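# next input, structure requested:
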Amino acid sequence: MTDTIDTKQQQELKALTQQPDTLCYMEALADKDLSGLTWTIYGVPDSNLIIVQAIAGSFEVLASSPSTVLYPAMADRVFGIDVEDQALAAQLSDQLWATHQQDFENALQGGSN
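Okay, here's the model as predicted:
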């Protein structure tokens, strides 16, 4: 089982990633610097949210932000993730890395979070 930061927001974001209409744009991308850390990018059409999920061993954390792209609607984007949404996901990833780098490293070394 994956450990998560136990907050209401984390639980709500996790639930959104599991909804049937949530789009998985990029799944389990390997981190360029830390072996064992993966990144997944989701789009939630109902709320127009971009969600980034980072998993390192048993440590999992998610972050989200509203997409600035309003047209076409997220569910109608034929070619997948929009360039602006991809840039937003990169910003969210950078924020997660800045905040949780030590947690990621500890989880992958078998240490405590």
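# excluding chain neighbours, what is closest to Trp75?
You called it Trp, but residue 75 is Ala. Distances taken as Cβ to Cβ, 6 or more residues apart in numbering put Pro45 closest to Ala75, at 4.0 Å, once the chain neighbours are dropped. Every residue, glycine included, has its C-beta placed from N, CA and C.
# okay, helices next: where are they in the protein?
Per DSSP state H, the chain carries helices over the ranges 8-17, 83-108.
# which residues touch the shortest one?
Applying Cβ atoms under 8 Å, 6 or more residues apart in numbering, the contact partners of helix 8-17 are 4, 22, 24, 40, 42, 44, 47, 49, 51, 53, 60-64.
# quick one: it to chain centroid distance?
In terms of Cα atoms, centre = their mean, to the nearest Å, the centre of helix 8-17 is set 11 Å apart from its chain centre.
# so where's this structure uncertain?
Within the chain, the segments meeting pLDDT under 70 span 1-6, 111-113.
# recalculate using a threshold of 80.
1-6, 78, 110-113 (pLDDT under 80).
# grab the most central residue of it for me.
Closest to where the C-alpha atoms of the chain average out (Cα atoms, centre = their mean) is Val52, at 1.4 Å.
# quick check: the nearest residue to Ile55 once chain neighbours are set aside vs Gln86, distance?
Of all residues not flanking Ile55 in the chain, Thr38 sits nearest, at 5.2 Å (Cβ to Cβ, 6+ apart). Separation of Thr38 from Gln86 (Cβ to Cβ, to the nearest Å): 17 Å.
# before we move on, back to that, which of the contacts of helix 8-17 fall within strands?
4, 24, 40, 42, 44, 49, 51, 53, 60-64 (DSSP state E).
# which among these end up buried?
For the ones in strands among the contacts of helix 8-17, a burial check counting by 16 or more other Cβ atoms under 10 Å picks out Thr4, Thr40, Tyr42, Val44, Leu49, Ile51, Gln53, Glu60, Val61, Leu62, Ala63, Ser64.
# which one of these is nearest Gln102?
Gln102 has its nearest neighbour among these in Val61, at 12.1 Å by Cβ to Cβ.
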